[in-house]
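**Student:** Task: produce atomic coordinates for the following.
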Amino acid sequence: MHMVNSTSMGIVSHCHCRQKAGFYASPCNKYRIVIVSNHCIQFRLLMPKPHAYHPGNTTIIQPPKINSTAFNDNCYDYDWKGFKKKKSHTNTTSTTSTPTDVLRLMDGLRLPITPDIYTSLIKECSITGDATQATQLHAHINRSGFPLSSTLLNRILLMYVSCGLIHTARHMFDKMNVLKMNSISWAIMVAAYMDNGFYEEAIFLFVQILQHHSTIMLELPPWIFICVLKACALTMNMALGKQVHGWLLKVGYAANLFLSSSLISFYGKFRCLEDADFVFDQTSERDTVIWTAKMVNKCQEEHHMPEALIAFMEMGMAGVKRNKFTYSSVLRACGRMNDHGSFGRLIHASTIKLGLESDTYVQCGLVDMYGKCGLLREARRVCETLNDTNKTSIVCWNAMLTGYIRHGLYIEAIKFLYQMKAAGIQPHESFLNEIRIACGSTPFGNKSMDGM
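**Tutor:** Prediction:
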């Protein structure tokens, strides 16, 4: 009797847990293989009914490691059909088992391989990302003659994508029966193209779903639309993005917080701030991501900077928690205000109160803000308090160097260049060229840190 636990199908970008392949089988009447994993094999002997004791019915055989020859005798190997052949005298260097090792073992012992065992091995290949093992496993499945269900086909598709064989996955996808092709199949391929930077291909597949598979459109997970909106923004395809927005409004998906924030960011990429505000106003429940997306949009244009600060204050009055990205965005707006850093100082005090002053994004935002406002002493003070992680961040160093150059403090900029070199930070060539030009055309000593 074959007993294997099946698990539901799931599509994830990154698997952090390692699942073992296990199965139960009965090769003959003398013993039963209880479990096969990467670490041990357990054989349960079929003994007569026990007399007065119970523990003696199980014998555990635990070899040190499983490899391609761990289960053969001294003279023979087994081929994939289970027939004996002369053992080669080459030394085996493999220290861990692979899916093909498990298949070779089962074929050698003449054990039937169930779809659930194949599922476990497919998961193993998806986690390890071994393209060779994935190809061999799929070939073994094809030779087995099992009727492949939609779930198993999707798992194989995801396996190929996880191993980086996106073209093989597309070839398999195109050959799939229409009846076995479901929303998960389409979602896997769209996400695969997005992850690999093939944005046009992702859009092409989505348009096919939109035009010919209306039922599948309703079954797609919300994150697929987020991927498509991102692809539209990266390829400057505003027309399709608006069409996606209209479809989301039609079916009632636009109320989703993640989709709303994606739509706000999408319209912000095209500087369509009125459309972005429309999405924001239509969202009944607004979280940190929604508010931050609005502020990021407002910071893109000079005349909308005051609106970013107003949104920051309204966010606080609404009781929504602010995070490091929120402060980074509002600090960018403060740097462009003509208030000599007054509002920026208040934001700095708020970051200290919340314990965010040591965050990379916040520290770089503070250095940039103070530098743009001409408060170079404050900018230098923040720069000197960088934690060990941020000391290697070239963004903070460049922000400080930019502040010196912007306000004509070229001697200070040269000194700071030497400090960057001592810290192992290589400044951008454009900064060096700008300082060279300034040093050749500007008399030194006209400006200093006094009053800065």
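
**Student:** Just the strands from the stretch 51-200 of the chain, written as ranges.
**Tutor:** 58-61, 76-78, 84-86 (DSSP state E, counting those that start in this stretch).

**Student:** And the ones you listed, which one averages the lowest pLDDT?
**Tutor:** Ranked by mean pLDDT, the strands of the stretch 51-200 of the chain bottom out at strand 58-61, which scores a mean of 38.

**Student:** Now do the same contact list for the nearest residue to Tyr267 once chain neighbours are set aside.
**Tutor:** Excluding its sequence neighbours, the residue lying closest to Tyr267 (Cβ to Cβ, 6 or more residues apart in numbering) is Ala276, at 3.9 Å. Yep, even glycine has a C-beta here, placed from its N, CA and C like the rest. Neighbour list for Ala276: 263-264, 267-268, 293-294, 297 [criterion: Cβ atoms under 8 Å, 6 or more residues apart in numbering].

**Student:** what's the closest of these to Leu158?
**Tutor:** Set against Leu158, the nearest of the contacts of Ala276 by Cβ to Cβ is Leu263 (27.9 Å).

**Student:** Would you mind confirming that the closest one is in contact with His245?
**Tutor:** Yes. Leu263 is in contact with His245 according to Cβ atoms under 8 Å; the separation is 5.8 Å.

**Student:** what stretches of the stretch 251-400 of the chain score poorly on pLDDT?
**Tutor:** Scanning the stretch 251-400 of the chain with the threshold set as pLDDT under 70 gives 387-392.

**Student:** List phi and psi for Pro427.
**Tutor:** phi -70, psi 160 (degrees, to the nearest 10).

**Student:** Now do it: how many residues are near it, please.
**Tutor:** Neighbourhood size, Pro427 [other Cβ atoms under 10 Å]: 17.

**Student:** Distance check, it against Tyr404.
**Tutor:** According to Cβ to Cβ, to the nearest Å, Pro427 stands 12 Å off from Tyr404.

**Student:** related to what we said a few turns ago, quick check: neighbours shared by Leu263 and His245?
**Tutor:** Common neighbours of Leu263 and His245, using Cβ under 8 Å, 6+ apart, are 254, 279.

**Student:** Comparing these two, which shows the higher neighbour count?
**Tutor:** For Leu263 versus His245, neighbours defined as other Cβ under 10 Å are more numerous around Leu263 (29 against 23).

**Student:** That one: what's it in contact with?
**Tutor:** 229, 245, 248, 254, 276, 279.

**Student:** and if we set it to 10 Å?
**Tutor:** Shown in contact with Leu263 (Cβ atoms under 10 Å, 6 or more residues apart in numbering): 225-226, 229, 241-242, 244-245, 248-249, 254, 256, 275-276, 278-280, 282-283, 293.

**Student:** what sits in contact with each of Pro427 and Tyr404?
**Tutor:** 413, 416-417, 435.

**Student:** In helices only, show me the contacts of Leu263.
**Tutor:** 225-226, 229, 241-242, 244-245, 248-249, 275-276, 278-280, 282, 293 (DSSP state H).

**Student:** Any of those buried? List them.
**Tutor:** Buried members of the ones in helices among the contacts of Leu263, scored by 16 or more other Cβ atoms under 10 Å, are 225-226, 229, 241-242, 244-245, 248, 275-276, 279-280, 293.

**Student:** Please enumerate the helices of the stretch 101-250 of the chain.
**Tutor:** Ranges of helices within the stretch 101-250 of the chain are 115-128, 131-144, 150-162, 166-175, 183-195, 199-212, 214-219, 222-234, 238-251, based on DSSP state H, counting those that start in this stretch.

**Student:** right, so of the ones you listed, which gets closest to Arg381?
**Tutor:** Minimum separation from Arg381 across the helices of the stretch 101-250 of the chain (Cβ to Cβ) falls at helix 222-234, 37.8 Å.

**Student:** Could you pull up phi and psi at the closest residue in space to His407 that isn't next to it in sequence?
**Tutor:** Ranked by Cβ to Cβ, 6+ apart and with sequence neighbours excluded, the top spatial neighbour of His407 is Gly374, at 5.9 Å. As for Gly374, its main-chain torsions (degrees, to the nearest 10) stand at phi 80, psi 10.

**Student:** how many neighbours does Gly374 have?
**Tutor:** The number of residues near Gly374, taken as other Cβ under 10 Å, comes to 16.

**Student:** What of the one 4 residues further on?
**Tutor:** For Glu378, the count of nearby residues is 20 (other Cβ under 10 Å).

**Student:** Can you classify it by secondary structure?
**Tutor:** Assigned with DSSP: H, G, I helix; E, B strand; the rest coil, Glu378 falls in the helix class.

**Student:** From Lys415, how far out is the nearest residue to it once chain neighbours are set aside?
**Tutor:** In space, Glu378 comes closest to Tyr370 once its chain neighbours are excluded; the distance is 4.4 Å by Cβ to Cβ, 6+ apart. For Tyr370, the distance to Lys415 equals 18 Å [Cβ to Cβ].
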